[in-house]
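[1] Here's my sequence, what's the structure:
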Amino acid sequence: DPAGAYESVAHITREVRFGWYIRSLHKWSANLMIAAVFLHLLRVFFTGAYRHPRQLNWCAGVLLLATTLGFGFTGYSLVYEQLSFWGATVASNLVAAIPVVGRVAALLMRGGPEISGNTLTRFFVFHIGLLPTVMLVLLLVHIAMVRLHGVTELEFRSERVAPADRTFPFWPDHATTELLIGVLLMFLLTVLALTLPAGLGPKADPTVTPPHIHPEWYFYFSFRLLKLTSLEGSVLLTLVIGVGIFFWPFIEDALHRWLRVPRDLSVVLGVIGFLGFLTLTVWECLAG
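    Residues are numbered from 1 along each chain as shown. This next block holds a predicted model:
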C-alpha cells in the first residue's frame, strides 16, 4: 500500500532494533549476488563453457541473470522513495516501447495506465512470489544439467591432469571450503553494512519530478543508452543484445558451420561487448 510502504521501510531502518543492519545486509547481498551472477556468466562465456552439450544450460544461466535483475528492480522499487518511484516510471515507459507486446506488458506491469498502488502490490508479489518460484525452477534445471554434463574444466594444451586429481572429497574438503567462503562473505557484508548502511531518500511524490533520476548501478548501461538514443531505439537495441546473448551458443555454431567463422571471434566480440557495457556504466556513474 503506497500509504504505508515508505513508512514501513523507515520503521525498519530507524526504529526496529538492528533493522538497519538487516536491511543493509539485504541490500548489499542483493548487489553482490547480481555482480556474482554477471561475473559467472562472463567466466562461462570466455572459457567457452556454453558450447555443446551445454547450450541449454547457458540459456538457463542467462534467464537466471534476468531473474536476478528482476529481483533488484522490484526490490528497489518497493522502498517507494522518490528515485525508486520515478525509476519505476521510466522502466514502465521502456516496457511500453517494446514492439507488439509493449502496451500490454506495461499494463500488466503497472496494474493500470500509470504507476500506482496496484503497481506496488504487483511488484511485491513479483518480488516475494513469482520471481523466487522462477529462480527455484531455473536453479533446479541449471544444477541438473551441471550434474548431467559435468563442469567444464579450463585446461591449457600442455597441461595434463591425472584422473585422481580431477575430483576431491565432499567431506571435509568441499564442505570446509564452502564454510570458509560463507564466513568470509558474511564478514565482507557486515563491513559493508557498517560502513555503507542502506539509506532512505525522500518519500515518493508523483507530483514532483526529481532533478536527477538514476537507477541502481546494474541498470546504468540501459539508462545511458536511453540518453544516447531514443526510447524506442534503446529498447530495440537492448532486445537485440539480450536475444543475441541468449541464443549465442546456437548463433556461434551456425556461423562456424556455415560460414567457417573461427570460434575465436566470440572472444573478440565478448571483449568489445564487455568494454562497451563497462564504458556506458562508468559514464553514467560519473555523470550521475
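
[2] pull the longest helix from this structure.
    helix 19-46 (DSSP state H).

[3] Next, the buried residues of it.
    Under the neighbour-count criterion of 16 or more other C-beta atoms under 10 Å, helix 19-46 has 20-21, 23-25, 27-28, 30-31, 34, 37, 41, 44-45 buried. Placement of C-beta: from N, CA and C, glycine included.

[4] Stretch 84-95 now?
    Applying 16+ other C-beta under 10 Å to stretch 84-95 flags Ser84, Phe85, Trp86, Gly87, Ala88, Thr89, Val90, Ala91, Ser92, Leu94, Val95 as buried.

[5] and those residues as a markdown table, adding secondary structure and pLDDT?
    As requested, the buried residues of stretch 84-95 are exported to a markdown table (DSSP: H, G, I helix; E, B strand; the rest coil; pLDDT from 0 to 100):
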| residue | secondary structure | pLDDT |
| --- | --- | --- |
| Ser84 | helix | 89 |
| Phe85 | helix | 91 |
| Trp86 | helix | 91 |
| Gly87 | helix | 89 |
| Ala88 | helix | 91 |
| Thr89 | helix | 91 |
| Val90 | helix | 90 |
| Ala91 | helix | 92 |
| Ser92 | helix | 93 |
| Leu94 | helix | 92 |
| Val95 | helix | 94 |
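
[6] one step back: tell me what whichever helix or strand comes after the longest helix of the chain is packed against?
    Remark: after helix 19-46, the chain's next helix or strand is helix 55-78, criterion DSSP states H and E. If you count contacts as 3 or more C-beta pairs under 8 Å, 6 or more residues apart in numbering; DSSP states H and E, helix 55-78 packs onto helix 19-46, helix 82-96, helix 117-125, helix 131-149, helix 231-246, helix 248-258.

[7] could you point out which element follows the second one?
    Where DSSP H and E defines the elements, the next helix or strand beyond helix 82-96 is helix 102-110.

[8] try the last one
    Once the chain leaves helix 248-258, the next helix or strand it forms, by DSSP H and E, is helix 265-287.

[9] Can you list the low-confidence ranges for the chain?
    Within the chain, the segments meeting pLDDT under 70 span 154-158, 161, 165-166, 288.

[10] who's in contact with the residue positioned nearest the centre of the chain?
    The chain has Leu69 as the residue nearest its centroid, 3.1 Å off, counting by C-alpha atoms, centre = their mean. Residues counted as contacts of Leu69 (C-beta atoms under 8 Å, 6 or more residues apart in numbering) are Ile34, Tyr218, Phe219.

[11] tell me which of those residues is nearest to Thr133?
    Ile34 (19.0 Å; C-beta to C-beta).

[12] How much space separates that closest one from Glu81?
    20 Å (C-beta to C-beta, to the nearest Å).
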